[in-house]
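**Q** Sequence below, structure please.
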Amino acid sequence: MLLIVTIWVRPERQTDVYIRRLIGCTNCWTKKGLLKTLSSTLRVYTARISYSGNDRLNITRKANDPVGMAFAPSWDLLRSFLRLRREGKLTDSAWLQYRAHYTNEMQTSYENHRAIWCRVLDRKTVTFVCFCTNAAQCHRTILAELFRTLGAGVIGERDVESRKSITGLLEVP
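**A** Residues are numbered from 1 along each chain as shown. Predicted structure coming up:
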């Protein structure tokens, strides 16, 4: 039996401490909020699609991997985001709406693909990759922050050219 002290972060930003018996995956996310364990060792990086390391996980809609597809935004959400960006209308407000919609999609993804989430959470490192040139306005950054809430350490955006990580780049409002 494994007992872990967890912190439940509810949407209302209230925090309660629970002791839970967790079986299998040590990280969980439920409809009511994020459950953060204190035992995760996953290190999360983000990068452009050209990154080719062994920890690479393509989280684009064009990924042929069901693991990566669990983290890709829906076509509807992606199309509206790309249209706004192409037309130069991606305002701060539009970005915040995108973040909220993508976060909701990821909560649904967790409910429908829990085993995939647990498989990623149980890794030592993962680098989420996609096509966006601006990491600050990209779903890979939102996803990294969601994994931070689940207990992972977010290291930063990888500099694909030099194969180094750039720390502090993922400070997202």
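**Q** The protein: helices as residue ranges?
**A** Secondary structure of the chain, counting by DSSP state H: helices at 66-69, 75-86, 92-112, 114-121, 139-149.
**Q** Now the shortest one: buried residues?
**A** When you say that, I think you mean helix 66-69. With burial defined by 16 or more other C-beta atoms under 10 Å, the residues of helix 66-69 counted as buried are 67, 68, 69. All C-beta spots, glycine's among them, are computed from the backbone N, C-alpha and C.
**Q** So what touches that helix?
**A** Helix 66-69 is contacted by residues 57, 58, 59, 60, 61, 63, 116, 119, 120 when judged by C-beta atoms under 8 Å, 6 or more residues apart in numbering.
**Q** Swap in 6 Å and give it another go.
**A** The set of residues external to helix 66-69 that reach it, using C-beta atoms under 6 Å, 6 or more residues apart in numbering, is 57, 58, 59, 63, 116.
**Q** okay, these in TSV with pLDDT and distance to residue 101 next?
**A** As requested, those are arranged in TSV below (pLDDT from 0 to 100; distance: C-beta to C-beta, whole Å):
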residue	pLDDT	distance to residue 101
57	97	21
58	97	21
59	97	16
63	87	19
116	95	20
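**Q** Let me know the closest of those to residue 77.
**A** Set against residue 77, the nearest of the contacts of helix 66-69 by C-beta to C-beta is residue 59 (13.2 Å).
**Q** Run a quick check on the closest one versus residue 126, I expect a contact.
**A** No: using C-beta atoms under 6 Å, residue 59 is not in contact with residue 126; the gap is 9.7 Å.
**Q** got a list of what residue 111 touches?
**A** Contacts of residue 111 (C-beta under 6 Å, 6+ apart): none.
**Q** neighbours of residue 139, just the number please.
**A** 26 (other C-beta atoms under 10 Å).
**Q** Tell me the predicted confidence for it.
**A** Residue 139 carries a pLDDT value of 97.
**Q** Against residue 115, how distant is residue 82?
**A** Residue 82 sits 30 Å away from residue 115, going by C-beta to C-beta, to the nearest Å.
**Q** which one of the two has more residues nearby?
**A** residue 82 (14 against 10).
**Q** Rounded mean pLDDT for stretch 96-108, please.
**A** 96.
**Q** Stretch 157-173 too?
**A** On average, stretch 157-173 scores 57.
**Q** picking up where we left off before, let me have the contacts of helix 66-69 in TSV, extended by neighbour count.
**A** As requested, these are exported to TSV (neighbours: other C-beta atoms under 10 Å):
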residue	neighbour count
57	23
58	21
59	24
63	18
116	17
